[in-house]
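[1] Need coordinates for the below:
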Amino acid sequence: MRKAELEDHHNQYLLKDGRIREMVQQRDFPAVFAVCKDAVVHMVPAMKWRKQAGITPETPEFLCFSVICTYGPPLFEHTALESMYQFVGGTRQLARHENGYLVLSEAALKQEEVARALWNCIERQPGLPQSDLSERCCVPDKTVASIVNVWKQLRIIGCEYRGNEYRLSLCTRLDVEVVGICQHCGAKGNGRKEQFLQPVKCGKCMDVGYCHVRFDEAG
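    The predicted structure follows:
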């Protein structure tokens, strides 16, 4: 591949990396996975260009890869996980890379099934202490935390501190009235839960974004 082509791949990687970062900050799921899958093809050419141009680090973070590994399993994005694993396995430079892309992509694919087991456990027993999940599903505490933290972050599950323990429940009742708090100015507003699962305009500061949902007031 010619230098101009490598440089173009690198520029495309930078543009898409920035877009992925913005989409994650805005919690634009699952749309971000399509951009990640599109950006993965720039990884090897971008590394080659950075090496030729003397850019450090030669191997950047590659959000397109890390976002799929982090958010793909708990959001059950099987197509993105499988596609990435197949691509890495079929690309010699990535499959043999010292960063362990092949091992990480395979682990992410397997973690999807772990997430499914945790989900089913919480669904069967609402209010289950988070500390019980590891033992019930035979999963290390660190793995449980990585999956559950994504669900908490995206308000897929509610976490209530009761009886000296954090108890988890799925937030599946979208019609219930909840309190939404503007993350920009702290103003509170009432509405159906489904309203706060997408960006809304704050009536006080007029900022458009996601609101924090008060689960302890959700009923």
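
[2] For the residue lying closest to Val148 once chain neighbours are set aside, give me the pLDDT.
    Leaving out its chain neighbours, the residue that sits closest to Val148 by CB to CB, 6 or more residues apart in numbering is Gln130, at 6.2 Å. To be clear about C-beta, it is placed using only N, CA and C from the backbone, and glycine gets the same treatment. Gln130 carries a pLDDT score of 88 in this model.

[3] mind listing what the most centrally placed residue in the chain touches?
    Within the chain, one residue has its C-alpha closest to the average C-alpha position: by CA atoms, centre = their mean, that is Tyr71, at 2.6 Å. Counting by CB atoms under 8 Å, 6 or more residues apart in numbering, Tyr71 touches 24, 29, 32-33, 77, 150.

[4] one more time with 6 Å, if that's ok
    Contacts for Tyr71 (CB atoms under 6 Å, 6 or more residues apart in numbering) come out as none.

[5] okay, and the helix or strand of the protein with the least pLDDT?
    strand 211-214 (a mean of 64; mean pLDDT, DSSP states H and E).

[6] Now do the strand or helix carrying Val150: distance to the chain's middle.
    According to DSSP states H and E, Val150 maps onto helix 141-153. Mean-position distance between helix 141-153 and its chain equals 11 Å (CA atoms, centre = their mean, to the nearest Å).

[7] Mind giving me the packing neighbours of it?
    helix 130-137 (3 or more CB pairs under 6 Å, 6 or more residues apart in numbering; DSSP states H and E).
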